[in-house]
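Undergrad: Give the three-dimensional model of this entry:
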Amino acid sequence: MNLAAVNRRNLAGLLAIAVCSLALLCLPSYQYLGTQTGIRERARVVSVDDSSLTLLGLIKFGSQHLEIRMLQGPFKGQVFQAVNELRGQLELDKLFRPGDTVVAVRQEADKPGQDVIVAQDYWRVGWTLLLFGVFCVLLCLFGGWIGAKALFSFVFSCLVIWKLVIPLTLTGWSPVWVIFVSVVIMTGVIMFLVAGWSRCGLTAFAGATGGVLLGLLTSEFFTWIMDINGATMPYSQSLLYAVKVPVRLEKIFAGAVILASSGAVMDLAMDISSGIREVALHNPQLTAEQLVRSGLRMGRNVVGTMTTTLLLAYAGGYLTLLMMFVLEGVHPWYLLNNPLVAAEAVKTLVGSFTLVLVAPLTALIGGHVFARN
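TA: This next block holds a predicted model:
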C-alpha cells in the first residue's frame with residue numbers, strides 16, 4: 001500500500017472517531033438534582049488577613065479574610081472583600097497567599113452591595129490545559145499518525161465515561177454491564193483505530209474483550225465472596241443520599257475494577273497481536289500451533305511487568321494508609337481484613353488475573369487468525 005493510500009486510511013479513521021466523539025458530545029445531559037448557586041469567576045488575591053485563624057495541633061481552623069481583584073466578569077479589575085473558611089480538613093482546606101489565582105464564588109444578595117464572595121479553590125484550569133496541550137504536541141510529534149489516533153481515542157474514552165457510564169449508572173442501569181459494554185466500545189474503537197480494519201485489530205479486540213468479560217465475572221465473584229461493599233470509593237456515602245434511584249455500590253466497585261485495568265488489557269492484547277503478526281509476516285510457513293506458542297512466550301514476558309505495574313499504581317494511591325498501619329504496628333496478615341486494603345487487593349489481583357487470561361486468549365486467537373493454513 002503506497003503512502004497516499006495509508007494517509008487516506010489514517011485520515012478516514014480520524015474523521016470517523018471525530019464524528020463519534022461529536023455524537024457523544026451532543027447526547028442530552030443528565031438531569032441534575034440541582035444546580036450550583038452563585039457566580040463563579042476567576043480572581044487574584046491581593047492581600048490576606050490570617051488573624052482569625054486558630055492553630056490546633058497541625059490543623060488550622062477559622063476564617064481567612066482576603067482582598068481579591070476580579071479577572072473576569074462584569075466587575076473585572078475591581079477589588080472586593082472575600083472569605084476563605086478552613087474546617088480542619090487537610091484534603092479540602094486551602095490557605096491562600098497574595099498573588100494566588102482563585103475561583104471566587106459570588107452569592108448575589110437581595111440588596112445591592114451585600115453580595116457575599118467566597119474564595120472556593122485555586123484556579124487550576126489554565127495549568128491543566130497547558131499540560132494537556134504539551135501532551136498533545138509531544139504525542140503527535142513522537143507518534144505521528146499513531147499518536148494522533150491515540151489522542152482522538154483518549155478524547156473519545158473521556159466522552160464515553162462522562163456521557164454514557166456516569167449518566168446511565170445514575171439513572172438506574174446496571175453499573176457492571178454499563179461499564180462492560182462501554183469498555184467493549186472503547187476497546188473496539190481504539191484497536192481498530194490504531195491497527196485499522198485488519199486481522200491484527202480483530203485479534204487484539206477479540207482477546208481483550210474475552211479477557212475483560214472473564215475479569216468482570218471474577219470481579220463480581222470476589223467482591224461478593226469478600227464482602228466488599230464499595231463504600232471505600234471516594235464520596236460513595238454522599239452518592240447514596242444524593243442520587244434519585246437506588247444504587248449498589250458493590251456493583252459500581254466491581255465494574256470500576258475492570259474499567260481501571262482495561263487500559264493495561266488493551267495494551268497487552270495489542271502487543272501480542274502485533275508480535276504474532278510480525279512473526280507470521282517474516283515466516284509465513286509457520287503453523288497455527290507454532291504461532292500460538294510464539295504468542296504465549298511474548299505474553300509471559302509482558303505479563304510479568306504488567307502485573308507489577310498494576311500493583312505499584314494501586315499501592316501508590318494508598319501509600320499514606322499503609323504508612324499509618326506501619327506506625328500502629330498492625331501485623332501484615334491483618335491488613336487484609338481492613339476494608340480499604342481488601343478493596344485494593346481485589347483491584348490488584350483481579351486486574352492481574354485479567355491480564356493473565358488475556359495473554360493466552362489473544363495468543364490462541366492470533367495463532368489461528370494469522371496462520372496461512
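Undergrad: Distance of the residue lying closest to I276 once chain neighbours are set aside relative to M233?
TA: Using C-beta to C-beta, 6 or more residues apart in numbering and skipping the chain neighbours, the partner closest in space to I276 is G366 (3.9 Å). C-beta here means a position set from N, CA and C on the backbone, and glycine is covered the same way. Relative to M233, G366 is positioned 36 Å away (C-beta to C-beta, to the nearest Å).
Undergrad: Tell me where this structure has helices.
TA: 3-25, 125-143, 145-160, 166-170, 175-195, 199-225, 236-242, 249-282, 288-317, 319-327, 332-335, 339-370 (DSSP state H).
Undergrad: count of residues packed around L95?
TA: Residues near L95, counting by other C-beta atoms under 10 Å, number 12.
Undergrad: Verify the contact between I179 and A256 for me.
TA: Yes - in this structure, I179 is within contact of A256 by C-beta atoms under 8 Å, at 7.1 Å.
Undergrad: Same drill for those two, tell me which one is more crowded.
TA: I179 (27 against 20).
Undergrad: Disregarding residues adjacent in the polypeptide, which is nearest to the more buried one?
TA: Nearest one to I179, counting by C-beta to C-beta, 6+ apart, is G255 at 3.4 Å.
Undergrad: confidence score at E85?
TA: On pLDDT, E85 comes in at 88.
Undergrad: quick one: it and S63 touch, right?
TA: Yes - using C-beta under 8 Å, E85 makes contact with S63 at a distance of 5.7 Å.
Undergrad: how near is the residue nearest the centre of the chain to Q290?
TA: Nearest to the geometric centre of the chain sits A260, at 7.0 Å (C-alpha atoms, centre = their mean). According to C-beta to C-beta, A260 and Q290 sit 35 Å apart.
Undergrad: cool, and A363?
TA: The spacing between A363 and Q290, counted by C-beta to C-beta, is 11 Å.
Undergrad: Of those two, which one has the most company?
TA: A363 (27 against 15).
Undergrad: would you list the helices of the chain in a markdown table and tack on mean pLDDT and distance to K94?
TA: Formatted as a markdown table, the helices of the chain follow (pLDDT from 0 to 100; distance: least, C-beta to C-beta, whole Å):
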| stretch | mean pLDDT | distance to K94 |
| --- | --- | --- |
| helix 3-25 | 76 | 32 |
| helix 125-143 | 89 | 16 |
| helix 145-160 | 85 | 27 |
| helix 166-170 | 89 | 27 |
| helix 175-195 | 89 | 33 |
| helix 199-225 | 91 | 36 |
| helix 236-242 | 83 | 20 |
| helix 249-282 | 90 | 28 |
| helix 288-317 | 82 | 22 |
| helix 319-327 | 82 | 19 |
| helix 332-335 | 78 | 33 |
| helix 339-370 | 88 | 26 |
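Undergrad: need those in JSON lines with distance to A43, can you?
TA: Below are the helices of the chain laid out as JSON lines (distance: least, C-beta to C-beta, whole Å):
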{"stretch": "helix 3-25", "distance to A43": "30"}
{"stretch": "helix 125-143", "distance to A43": "13"}
{"stretch": "helix 145-160", "distance to A43": "28"}
{"stretch": "helix 166-170", "distance to A43": "30"}
{"stretch": "helix 175-195", "distance to A43": "38"}
{"stretch": "helix 199-225", "distance to A43": "45"}
{"stretch": "helix 236-242", "distance to A43": "28"}
{"stretch": "helix 249-282", "distance to A43": "36"}
{"stretch": "helix 288-317", "distance to A43": "32"}
{"stretch": "helix 319-327", "distance to A43": "32"}
{"stretch": "helix 332-335", "distance to A43": "45"}
{"stretch": "helix 339-370", "distance to A43": "38"}
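Undergrad: which one of these lies closest to A119?
TA: helix 125-143 (15.7 Å; C-beta to C-beta).
Undergrad: The residue lying closest to V292 once chain neighbours are set aside and L268, how far apart?
TA: Closest residue in space to V292, ignoring its immediate chain neighbours: G367 at 3.3 Å, by C-beta to C-beta, 6+ apart. According to C-beta to C-beta, G367 stands 16 Å off from L268.
Undergrad: ok, back up a step: could you say which one of the helices of the chain comes nearest to T54?
TA: Proximity to T54 (C-beta to C-beta) singles out helix 319-327 among those, at 25.2 Å.
Undergrad: Hmm, L268 and M306 touching each other?
TA: Yes - at 5.9 Å, M306 counts as touching L268 under the criterion of C-beta under 8 Å.
Undergrad: any idea how far F156 is from the nearest residue to A371 once chain neighbours are set aside?
TA: Closest residue to A371 apart from its sequence neighbours, by C-beta to C-beta, 6+ apart: A288 at 3.7 Å. In this view, A288 and F156 are 34 Å apart by C-beta to C-beta.
Undergrad: And W177, how far from A256?
TA: Counting by C-beta to C-beta - W177 and A256 are separated by 13 Å.
Undergrad: Could you chop this protein up by domain?
TA: 39-123, 171-370 (automatic domain parsing).
Undergrad: For the last one, what is the distance to the chain centroid?
TA: Okay, so that is domain 171-370. In terms of C-alpha atoms, centre = their mean, to the nearest Å, the centre of domain 171-370 is found 13 Å from the chain centre.
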